[in-house]
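S.K.: Need coordinates for the below:
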Amino acid sequence: MYYEPRNNDHGLPFNPLKACVVPRPIGWISTVDADGAVNLAPFSFFNMLSYNPPYVLFSSGMHQDSAHKDTVQNIEQTGEFVYNMATWDQRQAMNLSALIVERGVDELAAAGLEPLPSSLVRPPRVKGAPVHFECRHYQTLDLPGRTPRAAHKVVIGEVVGVHIDDGALTADGLLDVARIRPIGRLGYMDYVSVEELFSMEKATPEEQIGQAAE
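M.R.: Just a heads-up that it's a prediction; the model follows:
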């Protein structure tokens, strides 16, 4: 099949686009506003961009009233945010934090979560998340939409502090991803959790040719 997103002429019961780039890490972002009020929200358009220094980004759409979401407003006011790794154990709380859209509500508290203090930024971390990145705002990019509500803000932040739960590390000092089970976003209403891993060494062109011939 072939279709053009502008025309949305795929002929399927549901738009397949989001299901074609999977799994996507969930950016569970905590912020505070200028008065210190806490906000927590998950974003399925999230990823890491570079390593030295590390940058992360997430893309946020609009509210029903075409206003920017609290997360974006808070970051642009204060210049800070925290990425919290969403895992299987906290999947329900993560989902609940996405459903709360009223302005001024502390989603962290409303979802039954506890805050942890950060070291370099004001937004709290989510207790129970095995990984946290403390971030400082670097840049916001505007992505125009075909309708006002379809516009997105792409927020880029520099990671200035990293917290990893000691219990999430193996005896060899590696992050035990299969045990902590990070969750990711698929298409439609679907999610996935990491349970099985495999490793592959980078091969030379000669080795790749040999492997293809086997």
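
S.K.: mind listing the strands for this structure?
M.R.: 24-25, 27-32, 38-43, 46-51, 54-60, 80-85, 115-116, 125-126, 131-143, 152-164, 183-185, 191-193 (DSSP state E).

S.K.: In TSV: the ones you listed, plus mean neighbour count, mean pLDDT and distance to residue 173.
M.R.: Yep, even glycine has a C-beta here, placed from its N, CA and C like the rest. Shown next, in TSV, are the strands of the chain (neighbours: other Cβ atoms under 10 Å; pLDDT from 0 to 100; distance: least, Cβ to Cβ, whole Å):
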stretch	mean neighbour count	mean pLDDT	distance to residue 173
strand 24-25	19	97	22
strand 27-32	27	97	25
strand 38-43	24	96	29
strand 46-51	13	97	18
strand 54-60	20	97	19
strand 80-85	26	98	18
strand 115-116	16	98	23
strand 125-126	24	98	22
strand 131-143	17	97	15
strand 152-164	18	97	10
strand 183-185	21	97	24
strand 191-193	16	96	23
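
S.K.: wait, which of the ones you listed is closest to residue 99?
M.R.: Judged by Cβ to Cβ, the one of the strands of the chain that comes nearest to residue 99 is strand 38-43, at 10.1 Å.

S.K.: Not counting that closest one itself, show me its contacts.
M.R.: Contact with strand 38-43 is made by 26-33, 58-60, 69-71, 74, 84, 86, 94-95, 97-98, 106-109, 111, 113, 115, 123-124, 126, as judged by Cβ atoms under 8 Å, 6 or more residues apart in numbering.

S.K.: Ok, stretch 121-129 next?
M.R.: 28, 30-32, 36, 38, 40, 74, 78, 80-82, 84-87, 89-90, 108, 113-118, 132, 134-136, 160-161, 163.

S.K.: Mind doing that once more with 6 Å?
M.R.: Contact partners of stretch 121-129, identified using Cβ atoms under 6 Å, 6 or more residues apart in numbering, comprise 30-32, 80-82, 84-85, 90, 113-116, 118, 132, 134.

S.K.: what about that stretch, how long is it end to end?
M.R.: In stretch 121-129, first residue to last residue: 17 Å (Cα to Cα, to the nearest Å).

S.K.: which of the residues in that stretch are buried?
M.R.: 121, 122, 123, 124, 125, 126, 129 (16 or more other Cβ atoms under 10 Å).

S.K.: want to try TSV for the residues you listed, with distance to residue 175 as columns?
M.R.: Below are the buried residues of stretch 121-129 laid out as TSV (distance: Cβ to Cβ, whole Å):
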residue	distance to residue 175
121	22
122	26
123	23
124	22
125	17
126	17
129	13
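
S.K.: distance of the residue sitting nearest the centre point of the chain from residue 103?
M.R.: Geometric centre of the chain, nearest residue: residue 27, 1.5 Å, by Cα atoms, centre = their mean. Separation of residue 27 from residue 103 (Cβ to Cβ, to the nearest Å) stands at 20 Å.

S.K.: Having no further points to raise, I will conclude here.
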